[in-house]
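1. Predicted model and sequence follow; I will ask about them next.
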Amino acid sequence: MGVPRSPIGTPIRTRPATWSARGRVALRVLAGAYLLGVWLDGSGSGIPASILPRAANYFVQVSALFPWAATASIDYRAEGFICSEGAWMELDTRPYFPIDTEDKENRFNRVMHFFRENRPTMTALDSYLVNQHNSAMREDGIPSDRAIGGVRLLSLRIPIPAPGDRLQRMSRQPLSSYPEEQRKAFYHTPRSRLAERCGRHVEGTD
């Protein structure tokens with residue numbers, strides 16, 4: 001057989017069939033390695049992260065973007081301990097964190113989200129809220145003539161509606177409208193500090 005030529009007589013260069021077969025094999029191996037990497041990362045294995053460059057590892061992490069569906073929307077709240085009554089009452093933190101006040105990106109929520117397990121930060125937040133309320137400079141839901149000795153910081157786990165149910169925009173409801181099972185306390189002022197601030201012995205505040 002002669003060499004294939006174009007209509008104008010120029011020889012046509014053809015790639016040997018062996019290269020095409022090798023290319024297909026290489027692509028299959030690469031695809032298999034990628035799917036294996038995705039599966040390993042999704043199963044919790046650290047092998048891909050330990051052997052792949054960071055840029056390559058980024059592309060096998062797709063299965064871990066949303067490993068579990070969220071079941072609740074999280075909001076953060078605070079309560080103040082009223083010294084004269086020995087009782088907790090909701091403290092509205094919004095007046096003391098004026099940036100993005102009406103949404104979940106406000107500074108109180110951000111502090112609670114990132115530092116709720118950091119004791120020094122929670123202690124500093126405790127002192128700040130107590131001092132702000134007792135200075136009686138803003139309305140925060142607790143009468144200004146009732147001094148507070150400490151705070152209780154907690155989250156609300158508000159169930160997300162089921163698929164197909166009507167969604168409602170986020171709105172702030174009183175803490176009392178949420179059942180106890182939707183509340184989770186992360187921090188409360190130690191009893192000794194409550195007693196120091198209130199000037200009397202405090203019982204049953206945990």
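-> Looks like it arrived, so ask away.

2. Could you report the distance from the closest residue to R107 other than its chain neighbours to N109?
-> Of all residues not flanking R107 in the chain, F97 sits nearest, at 4.2 Å (CB to CB, 6 or more residues apart in numbering). Yep, even glycine has a C-beta here, placed from its N, CA and C like the rest. Distance of F97 to N109, computed by CB to CB, to the nearest Å: 8 Å.

3. Report how many residues lie close to S20.
-> By other CB atoms under 10 Å, 10 other residues sit near S20.

4. and it, that's in a helix?
-> Yes. Judged by DSSP: H, G, I helix; E, B strand; the rest coil, S20 forms part of a helix.

5. coming back round to it: just to check, the residue nearest to R107 is in contact with N106?
-> Yes. Contact criterion CB atoms under 8 Å: F97 and N106 qualify, at 5.1 Å.

6. Now list whatever residues contact both of these two.
-> When contacts are counted by CB atoms under 8 Å, 6 or more residues apart in numbering, the set common to F97 and N106 is empty.

7. where does this protein dip in pLDDT?
-> 1-19, 63-69, 203-206 (pLDDT under 70).

8. go again using 80 as the cut-off
-> The chain contains residues with pLDDT under 80 at 1-20, 42-44, 62-70, 100-105, 163-164, 167-171, 200-206.

9. residue boundaries of the strands in it?
-> With DSSP state E as the definition, the chain shows strands at residue ranges 72-82, 87-91, 148-159, 183-188.

10. Tabulate those (CSV), appending distance to R24.
-> Converted to CSV, the strands of the chain look like this (distance: least, CB to CB, whole Å):
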stretch, distance to R24
strand 72-82, 48
strand 87-91, 66
strand 148-159, 51
strand 183-188, 55
